[in-house]
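Visitor: Give me the fold of what follows.
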Amino acid sequence: MIKEKIKLFLVDDDALFLKSLEIEFLQHADFKIETYPTGELCLKNLSHYPDVIILDYFLDSIDKNAMNGKETLNRIKNNYPDIPVIILSSQDKIEVAIECMHHRAFDYVVKSETAFLRLQKILTTIFRYRKMEKELTWYMERM
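Guide: As a prediction, the model looks like this:
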């Protein structure tokens with residue numbers, strides 16, 4: 001059985017942070033990663049069917065008129081509701097996190113020195129849950 005690589009979309013307008021996050025993921029697992037500096041580019045490439053999207057909250061340092069993370073999240077969820085989206089932000093205000101969760105983010109992570117570890121744990125949870133879903137579906141189809 002050939003196992004496909006997990007496809008991650010990393011979306012952040014901070015080029016240095018985006019590259020360091022990509023390197024972290026590639027050093028710790030065999031992911032297929034696509035990076036985007038704007039929400040608009042992420043949306044244009046959703047037909048590549050990412051397994052998970054890690055999305056910055058602001059996204060406006062390159063272009064002040066760029067779509068922000070919340071708007072990008074809404075558009076992703078309207079078109080591809082099953083793709084888990086993790087919001088990554090320098091905002092550590094609980095109100096911002098709650099607002100993102102109301103907009104159907106899978107989780108919210110504050111950019112910090114522990115952010116990558118937190119993202120790893122969240123990804124593990126997502127794929128453990130998907131595996132259980134598949135097993136349950138397989139079992140229910142045989143009843």
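Visitor: And the strands in this protein?
Guide: Under the criterion DSSP state E, strands of the chain are mapped to 6-11, 31-36, 52-56, 85-89, 107-110.
Visitor: ranking these by burial, who's on top?
Guide: Comparing the strands of the chain by mean neighbour count (mean count of other CB atoms under 10 Å), strand 52-56 comes out on top with a mean of 25. (Each C-beta comes from the backbone N, C-alpha and C, glycine too.)
Visitor: Using PDB, list the CA coordinates for that one.
Guide: What follows is strand 52-56, C-alpha atoms only, in PDB (Å, rounded to 0.1, in the frame of the first residue of the first chain):
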ATOM      1  CA  VAL A  52      -4.700  20.900   6.400                       C
ATOM      2  CA  ILE A  53      -4.200  24.700   6.100                       C
ATOM      3  CA  ILE A  54      -2.200  26.700   8.600                       C
ATOM      4  CA  LEU A  55      -3.300  30.300   8.000                       C
ATOM      5  CA  ASP A  56      -2.000  33.600   9.400                       C
END
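Visitor: Now do it: which elements does it pack against?
Guide: Packing contacts for strand 52-56, counted by 3 or more CB pairs under 8 Å, 6 or more residues apart in numbering; DSSP states H and E, involve strand 6-11, helix 39-44, helix 69-79, strand 85-89, helix 115-141.
Visitor: the inter-axis angle of that strand versus strand 85-89?
Guide: 20 degrees (axes from the mean of the first three to the mean of the last three CA atoms, to 10 degrees).
Visitor: quick one: strand 52-56 to chain centroid distance?
Guide: Strand 52-56 sits 2 Å away from the centroid of its parent chain (CA atoms, centre = their mean, to the nearest Å).
Visitor: on that earlier part again, pick out the shakiest of the helices and strands packed on strand 52-56, pLDDT-wise.
Guide: Mean pLDDT across the helices and strands packed on strand 52-56 is lowest at helix 115-141; the value there is a mean of 88.
Visitor: what's that helix packed up against?
Guide: If contacts are counted by 3+ CB pairs under 8 Å, 6+ apart, helix 115-141 sits against helix 15-28, strand 52-56, strand 85-89, strand 107-110.
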